[in-house]
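Q: Sequence first, predicted model second:
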Amino acid sequence: MKYDLDTELGITFSVGLAPTKVLAKVGSKWNKPSGLTCIPTSLIPTFLKELPIGKVWGIGSKTTALLQGLGIVTALDFADKDIVWVRTHLSKPYFETWCELRGKVMFELNQEIKTSQHSIVKTLTFVPTTDKAYIYSQLSNNVEGACAKARRYGLGTKKISIFLKTQDFRYHQADIKLPAFTSTPEDILRSIEPYFHSIFALNTIYRTTGVAMLDLRKPSTQQTLFGVTETDPRMTRLYGHVDNLSRKFGKHAVFLGSSLGAITGGKKKERVICQKIFDIPLLGEVS
């Protein structure tokens, strides 16, 4: 899972695997910025004796000062206290933390499927390049992925943020207000393209693109005076079919021509062939 996420997102992060959430948090911070740390029950004391009490998830600065005043320096000092001591000196949340440090689950995992989203972020890291058309294709692919996820929840947006990350990890960003509520990639790309041109710097090497759909909500079904709602039923039906094809045949069974470079890995030959067959305008090649 860590390898897949590293590859997909192009960012470093650490993972902790342990019997409880609090111990997993200990593991996730153990080998930053990109590590995987497993804490079996038998080795819990080994990890806790090296961990300052203030570094335990859920213990803030005031509680740290209180515990230090009571002679608690490390997480192991805290875990070794008996239940009477903990209940005497601390409130319920810290009792639960104490239990978790000892390997007893108090914070259950929530395994229910999410039914809502407040925002959706999609990023893609690729072989560093200065190719403007290819970079835009990666951004288009981001938009398609974000919209597909939004449609799964029946959501849309009027607010978008895009960014390009350079080889030296500098960010070029633009925040965009859309003219209408949507989860249709064509609508979003029409608004994004001029901003993309404004933040793209020639002769600059880029390695990542990203898009964020913000302030997501469900569309209004109330009609205006002229019988218009926030969503076009024709596009809703169209993308219903697109999503069905993706579920049946895979993520890129159907995609926009502007995403072709990202799908083919930027291979010039495939892009030109597709342009000739389908008359697809590709950024930077056709005026």
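A: That came in fine, so what should we check first? Numbers count the residues shown, from 1 in each chain.

Q: give me the low-pLDDT residue ranges for the stretch 1-150 of the chain?
A: Scanning the stretch 1-150 of the chain for pLDDT under 70 picks out the ranges 9-10, 112-116.

Q: And the stretch 151-287 of the chain, by the same measure?
A: Ranges of the stretch 151-287 of the chain meeting pLDDT under 70: 220-231, 266-287.

Q: All the helices of the chain, in order from the start?
A: All helices of the chain, identified by DSSP state H, fall at 2-9, 21-28, 44-48, 61-69, 75-79, 83-89, 92-101, 132-152, 185-199, 233-249, 260-264, 268-278.

Q: Contact partners for the closest residue to Val211 other than its chain neighbours?
A: Leaving aside its chain neighbours, Val211 sits nearest to Asn142 (4.3 Å; criterion: C-beta to C-beta, 6 or more residues apart in numbering). Where C-beta positions appear, they are placed from N, C-alpha and C, glycine not excepted. Asn142 makes contact with 122-124, 162, 209-211, according to C-beta atoms under 8 Å, 6 or more residues apart in numbering.

Q: for this protein, which residue is closest to the average position?
A: Val121 (5.0 Å; C-alpha atoms, centre = their mean).

Q: partners of that one in the sheet?
A: For Val121, the beta-bridge partners are Ala212 (DSSP bridges).

Q: Kindly report the same for Gly156.
A: Gly156 forms beta bridges with Arg217, as assigned by DSSP bridges.

Q: Confirm for me that it is in contact with Leu178.
A: No: using C-beta atoms under 8 Å, Gly156 makes no contact with Leu178, being 9.2 Å away.

Q: Who wins on neighbours among the contacts of Asn142?
A: With neighbours defined as other C-beta atoms under 10 Å, the most crowded of these is Val211; it has 27 neighbours.

Q: wait, what's in contact with it?
A: 121-123, 139, 142-143, 146, 160-163, 188, 192.

Q: related to what we said a few turns ago, any idea how far the residue nearest to the centre of the chain lies from Trp30?
A: Look at Val121 and Trp30: by C-beta to C-beta, to the nearest Å, they are 26 Å apart.

Q: Would you mind splitting the chain into its domains for me?
A: When the chain is parsed with automatic domain parsing, its domains come out as 2-101, 120-218+228-278.

Q: Would you work out how far apart the start and end of the first one are?
A: Counting by C-alpha to C-alpha, to the nearest Å, you get 24 Å between the two ends of domain 2-101.

Q: re earlier: and of the domains of the chain, who's closest to Gln111?
A: Gln111 sits nearest to domain 2-101 of all the domains of the chain, at 13.1 Å, using C-beta to C-beta.

Q: Mind putting the helices of the chain into JSON lines with distance to Ile205?
A: Converted to JSON lines, those look like this (distance: least, C-beta to C-beta, whole Å):
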{"stretch": "helix 2-9", "distance to Ile205": "19"}
{"stretch": "helix 21-28", "distance to Ile205": "31"}
{"stretch": "helix 44-48", "distance to Ile205": "41"}
{"stretch": "helix 61-69", "distance to Ile205": "42"}
{"stretch": "helix 75-79", "distance to Ile205": "44"}
{"stretch": "helix 83-89", "distance to Ile205": "54"}
{"stretch": "helix 92-101", "distance to Ile205": "45"}
{"stretch": "helix 132-152", "distance to Ile205": "10"}
{"stretch": "helix 185-199", "distance to Ile205": "15"}
{"stretch": "helix 233-249", "distance to Ile205": "32"}
{"stretch": "helix 260-264", "distance to Ile205": "16"}
{"stretch": "helix 268-278", "distance to Ile205": "19"}
